[in-house]
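pasting a predicted model and its sequence here:
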Amino acid sequence: MPSFRLIPREERFFDLFVEDAANVLDGARQLEAMLRTFDNPDKAAKKIREAEHRGDEISHDIGQRLEATFVTPFDREEIHALIADLDDILDMIEEVADTFVLYRIETPTKSSIKQAALVVQACDTIHQALGNLRGFKDIDHFVADIRRIEHEGDKLSRSAIAGLFDDGTKTIDVLKWKDIYALLEETIDKCEDVAELIERIVVKHA
């Protein structure tokens, strides 16, 4: 007769963190693909919204398990913060995609595509870091990678915004692209926030 566990195994949380991060990475990859092809941005944005909804479901699942588990792998506040920050990344990815549609962008700039690629790199690194979280070790190089990506993204954003004024871009287009570049940079910044949270968790529980 199969055994029944009233309290879920705490190890399951680690699997759900990885699943959540994988869904965020999927949304990031869809955004990059959307900008590289840009043949049907409305459809691409809708698919990203679907990924965001899946993220909400995963977060809800983690929240339910948290309520039913007496012993968690680390502090409940840290678990809430982690899933909230992962949700924030995907919310921002969705906002970027929706902004391209709302602003009726005809063609993504090379800088915006490069920024989207950096978002993918950062999300991929978070996914890998969470895959290693169970042992509370060997996280430092992932955090360092994301900080490097954030620094690269910051330079790229400043250069892209400066270029808007050098190219004689129409005022309305300058405003649109400043918003888009800022949103993409904020998305990368949020990835760094997640990396630093993971780092704090590891330091505390190693």
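Cool, the structure landed. Residues are numbered from 1 along each chain as shown.

quick check, central residue of this structure?
Ile89 (3.5 Å; CA atoms, centre = their mean).

quick check: mean pLDDT across the longest helix seen in the chain?
Ordering each helix of the chain by length in residues (DSSP state H) puts helix 171-205 first. Mean pLDDT, computed over helix 171-205, is 95.

for that helix, packing partners?
On a contact count with 3 or more CB pairs under 8 Å, 6 or more residues apart in numbering; DSSP states H and E, helix 171-205 meets helix 76-102, helix 110-131, helix 140-166. The way it works is simple: take the backbone N, C-alpha and C, and place the C-beta from them, glycine included.

just checking, what packs against the last one?
With contacts defined as 3+ CB pairs under 8 Å, 6+ apart, the packing partners of helix 140-166 are helix 110-131, helix 171-205.

the second one too?
If you count contacts as 3+ CB pairs under 8 Å, 6+ apart, helix 110-131 packs onto helix 12-37, helix 76-102, helix 140-166, helix 171-205.

switch the cut-off to 7 Å
Here helix 110-131 touches helix 12-37, helix 140-166, helix 171-205, going by 3 or more CB pairs under 7 Å, 6 or more residues apart in numbering; DSSP states H and E.

dump the ones you listed to CSV, plus mean neighbour count and distance to Val96.
Output for these, formatted as CSV (neighbours: other CB atoms under 10 Å; distance: least, CB to CB, whole Å):
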stretch, mean neighbour count, distance to Val96
helix 12-37, 21, 6
helix 140-166, 16, 13
helix 171-205, 18, 5
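
Throw those helices into a markdown table and include distance to Lys43, thanks.
Below are those laid out as a markdown table (distance: least, CB to CB, whole Å):
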| stretch | distance to Lys43 |
| --- | --- |
| helix 12-37 | 9 |
| helix 140-166 | 26 |
| helix 171-205 | 19 |
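
Ala28 reaches Cys123, doesn't it?
Yes: at 4.2 Å, Ala28 counts as touching Cys123 under the criterion of CB atoms under 7 Å.

quick one: average confidence on the host helix or strand of His60?
Applying DSSP states H and E as the criterion places His60 in helix 41-68. Averaged over helix 41-68, pLDDT sits at 94.

list the buried residues for it?
41, 44-45, 47-48, 51-52, 54-55, 58-59, 62, 65 (16 or more other CB atoms under 10 Å).

between those residues, which is nearest Ala84?
Closest to Ala84 out of the buried residues of helix 41-68 is Ser59 (7.8 Å), distances taken as CB to CB.
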